[in-house]
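> Just to be clear, the model below is a prediction. Sequence and coordinates:
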Amino acid sequence: MGLMSFISGILKPATQLVDEIHTSEEEKLTLKAKLMDIENQLQLKVLEYETKLMEAQKDVITAEATGQSWMQRNWRPITMLTFLALVVCDSFGFLKFRLAEEAWTLLQIGLGGYVVGRSAEKIVPQFTKKKDAGAKG
């Protein structure tokens with residue numbers, strides 16, 4: 001359930017209540033318009049928040065991708081190789097225990113973050129070169 005549908009779900013009972021009010025159609029439409037305006041304002045705030053969150057995540061990935069430290073640039077590959085080793089060992093029964101469901105969820109999240117991070121590592125240097133070239137030209 002997304003945040004947008006959550007906001008709509010909150011305001012839906014109020015909209016239905018407007019339909020049940022014994023008043024003129026014009027007043028009902030006015031109330032519905034005000035509720036719609038409130039919903040739109042809430043959704044705009046959510047979008048602004050999500051945009052800021054994505055920008056912050058982008059800044060973190062950019063900092064990692066352009067970092068000078070060997071560990072800073074390579075922690076994701078090391079982590080993913082460790083996950084790969086655990087998956088192979090789990091699949092062939094080499095572990096004394098089975099990986100918990102949470103470990104598989106963590107693996108999925110890690111893989112998604114790894115792919116995004118590696119993409120950013122490849123794209124960010126090219127983007128910054130183009131941006132610098134555009135600023136100088």
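Thanks, I have the structure now.
> so residue 68, which of the three states?
coil (DSSP: H, G, I helix; E, B strand; the rest coil).
> For it, give me its contacts.
Residues near residue 68 by C-beta atoms under 8 Å, 6 or more residues apart in numbering: none. To be clear about C-beta, it is placed using only N, CA and C from the backbone, and glycine gets the same treatment.
> For it, grab phi and psi.
phi -90, psi -20 (degrees, to the nearest 10).
> quick one, strands of this protein?
Using DSSP state E, the chain contains no strands.
> how is it carved up into domains?
3-51, 66-136 (automatic domain parsing).
> Out of the ones you listed, which is closest to residue 60?
domain 66-136 (9.3 Å; C-beta to C-beta).
> Return the helix or strand in the protein with minimum mean pLDDT.
None of the helices or strands of the chain scores lower by mean pLDDT, DSSP states H and E than helix 101-136, at a mean of 68.
> what's the longest helix in the protein?
The longest helix of the chain (DSSP state H) is helix 25-65.
> Now do it: which elements does it pack against?
Using 3 or more C-beta pairs under 8 Å, 6 or more residues apart in numbering; DSSP states H and E, the elements in contact with helix 25-65 are helix 3-20, helix 70-91, helix 101-136.
> From residue 60, how far off is the most centrally placed residue in the chain?
Nearest to the geometric centre of the chain sits residue 54, at 6.7 Å (C-alpha atoms, centre = their mean). Separation of residue 54 from residue 60 (C-beta to C-beta, to the nearest Å) stands at 11 Å.
> quick one, what contacts residue 55?
Counted by C-beta under 8 Å, 6+ apart, residue 55 has zero contacts.
> just residue 72 next, same as before
Here residue 72 is in contact with residue 64 (C-beta under 8 Å, 6+ apart).
> can you rerun that using 10 Å?
With contact taken as C-beta atoms under 10 Å, 6 or more residues apart in numbering, residue 72 is in contact with 63-66.
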